[in-house]
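In: Okay, predicted coordinates and the sequence, questions at the end:
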Amino acid sequence: MSFIRKHIENNSLKQFFLNNLLILFLGYDFLIKIIVHYTQISLFYNYVIVFKVIIVFAVILGFGLKNINKSYIFSLSSLILAYAITQVVNYKDLSLDDIQFNGYYFLSSVIPIVFLLYCHNYNLNITKTQINKVVWFLVISSCFLLVGYLFQIEVFRSYFRGGRFGYSGFLLYHHEAGFIYFIIINLLYYKLKKNKNNTNITLFLIVLFLSLLVGTKKTLFFNIIFFCYLFVDNIKNRKAVFLTTITAVLGLLLFNKSLLKFYNLFKEIYEKDGFWSSFLSFRNILFNERFYPYVTENNSIINIIFGWPFFNNHRTEMEIFDVLLFFGLVGLISYIILFVKILKGKNKLSYFLVLTLLIGTVFSGNLLASVNVMILLFITLKYINLQETIKH
């Protein structure tokens with residue numbers, strides 16, 4: 001342990017991990033995407049979280065194990081306690097697959113909060129370096145997303161199977177793509193408001209327009225909400241309102257065929273299965289057939305407080321129900337406390353960003369259990385907060 005820490009604390013290696021945390025995550029994901037696409041061996045997915053745990057551990061060693069923000073310890077400890085109790089009480093009934101999946105989901109949920117304990121150590125230079133690298137990664141990924149769309153390149157699709165429309169470029173998971181694009185769009189908007197130069201304008205428009213090709217309802221929802229925010233935020237600026245309107249119209253005209261495919265899919269499901277199935281992508285059926293019967297038939301006090309053991313077979317992919325299922329009421333309370341603390345003293349854009357992301361989890365779960373998205377969110381909020389501190 002001391003040998004590892006000695007080498008991590010070496011200044012050049014320490015700076016490498018601090019400056020490239022998210023790029024290492026996203027780059028590794030893209031490598032896995034290529035491997036899975038060309039080999040069809042899904043086993044590689046199992047190693048994604050292991051790699052990210054190692055990288056976060058390296059960052060923590062660089063900061064020093066004791067240099068933590070104690071504000072988030074309660075939430076982290078509560079989640080660990082809920083998971084431990086549920087697994088121990090039910091270990092005789094769990095299969096190896098259940099144990100592995102529960103462990104994967106647990107690590108994916110707590111590693112971002114472990115990172116958050118040390119995020120206060122990020123100064124403006126480190127945060128800015130991380131942010132700039134991720135922005136350029138997503139811009140380049142968006143260009144390949146467009147190439148994938150124009151030439152129908154399978155590896156850049158959002159969905160590997162089923163023939164659904166959508167392209168995500170270098171990003172591995174389609175359920176992460178909408179979250180990541182929305183965070184970066186808000187980040188670029190913040191940078192644009194601070195400095196209206198050609199680079200910021202160009203990057204903002206590239207990411208905003210090409211996000212329409214991701215092909216998920218969540219991404220379209222985020223774009224609509226963002227345009228509403230953009231309009232309200234600039235309501236007193238006639239030029240900005242005009243440009244916002246023109247931008248929205250151009251987006252509709254440029255990608256009208258893509259949006260029509262999306263609409264047709266929505267309409268087809270609506271006519272066959274009803275509004276809620278089309279709106280929630282059949283998550284209402286998962287709720288009615290998997291979640292509700294399971295939790296009502298197994299409604300012991302321990303389950304209600306600390307969670308249910310058979311998560312993978314009964315999750316809905318709607319975040320509030322998945323958190324309740326996995327961590328119980330302890331989990332819901334822990335996350336509420338966590339986000340209240342995170343948003344304390346933040347500016348209007350930070351509130352909009354976080355609250356919209358949480359609302360968006362109705363369309364797709366895995367926000368809180370996405371290491372990429374949550375750490376990107378924490379670093380983005382840190383960056384905005386540091387910039388606001390300097391401004392004042």
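Out: Nice, I can see it.
In: contacts, neighbours, all on C-alpha from now
Out: OK.
In: need the contact list for the nearest residue to I285 once chain neighbours are set aside.
Out: With C-alpha to C-alpha, 6 or more residues apart in numbering as the criterion, I285 has its nearest non-adjacent residue at 7.3 Å, and that residue is S277. Residues in contact with S277 (C-alpha atoms under 8 Å, 6 or more residues apart in numbering) are I269, Y270, R283, N284, I285.
In: So S277 versus E268, what's the distance?
Out: Look at S277 and E268: by C-alpha to C-alpha, to the nearest Å, they are 11 Å apart.
In: Ok, L117 next?
Out: As judged by C-alpha to C-alpha, L117 and E268 stand 46 Å apart.
In: More neighbours: which of those two?
Out: More crowded of L117 and E268, by other C-alpha atoms under 10 Å: L117, with 20 against 12.
In: F327 - that's part of a helix, no?
Out: Yes. Checked against DSSP: H, G, I helix; E, B strand; the rest coil, F327 lies within a helix.
In: Backbone dihedrals for the nearest residue to it once chain neighbours are set aside, please?
Out: Using C-alpha to C-alpha, 6+ apart and skipping residues adjacent in sequence, the residue nearest F327 is G307, 4.4 Å away. G307 adopts backbone torsions of phi 110, psi 170, taken as degrees, to the nearest 10.
In: Was I right to think G307 contacts G328?
Out: Yes. Here G307 reaches G328: they are 3.8 Å apart, a contact under C-alpha atoms under 8 Å.
In: who touches both of the two?
Out: A82.
In: neighbour-wise, which of these two wins?
Out: Neighbour count, other C-alpha under 10 Å: between G307 and G328, G307 has more, with 28 against 24.
In: if I pick that one, what's in contact with it?
Out: A82, Y83, T86, L324, L325, F326, F327, G328, L329.
In: so after the strand or helix carrying the fourth one, what's the next helix or strand?
Out: So that's L324. Of the helices and strands defined by DSSP states H and E, L324 is found in helix 319-343. Later in the chain than helix 319-343, the nearest helix or strand by DSSP H and E is helix 348-360.
In: Between helix 319-343 and that next one, find me the angle.
Out: Relative orientation of helix 348-360 and helix 319-343, computed by axes from the mean of the first three to the mean of the last three C-alpha atoms, to 10 degrees: 170 degrees.
In: all helices of the stretch 1-150 of the chain, in order?
Out: 2-8, 11-39, 48-63, 73-89, 96-119, 124-151 (DSSP state H, counting those that start in this stretch).
In: Distance from the last one to the middle of the chain?
Out: Think helix 124-151. Averaging C-alpha positions (C-alpha atoms, centre = their mean, to the nearest Å) puts helix 124-151 15 Å from its chain's average.
In: helices or strands next to that helix in the packing?
Out: Judged by 3 or more C-alpha pairs under 8 Å, 6 or more residues apart in numbering; DSSP states H and E, helix 124-151 is in contact with helix 11-39, helix 198-210, helix 371-391.
In: Take these and write them to TSV, including mean pLDDT, mean neighbour count and distance to N237.
Out: Below are the helices and strands packed on helix 124-151 laid out as TSV (pLDDT from 0 to 100; neighbours: other C-alpha atoms under 10 Å; distance: least, C-alpha to C-alpha, whole Å):
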stretch	mean pLDDT	mean neighbour count	distance to N237
helix 11-39	87	17	36
helix 198-210	91	17	17
helix 371-391	91	19	22
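In: want to throw the ones you listed into TSV with distance to L76?
Out: Output for the helices and strands packed on helix 124-151, formatted as TSV (distance: least, C-alpha to C-alpha, whole Å):
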stretch	distance to L76
helix 11-39	21
helix 198-210	34
helix 371-391	14
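In: Which among those is found nearest to N347?
Out: Closest approach to N347 among the helices and strands packed on helix 124-151 (C-alpha to C-alpha): helix 371-391, 7.7 Å.
In: quick check: angle from that closest one to helix 348-360?
Out: Here the directions of helix 371-391 and helix 348-360 differ by 160 degrees (the same axes, to 10 degrees).
In: What lies in contact with helix 371-391?
Out: 22, 25-26, 52, 108-109, 111-112, 115-116, 119-120, 122-124, 127-128, 131, 176, 179-180, 183, 187, 190, 346-347, 350, 367-368.
In: Kind regards, and thank you for your time.
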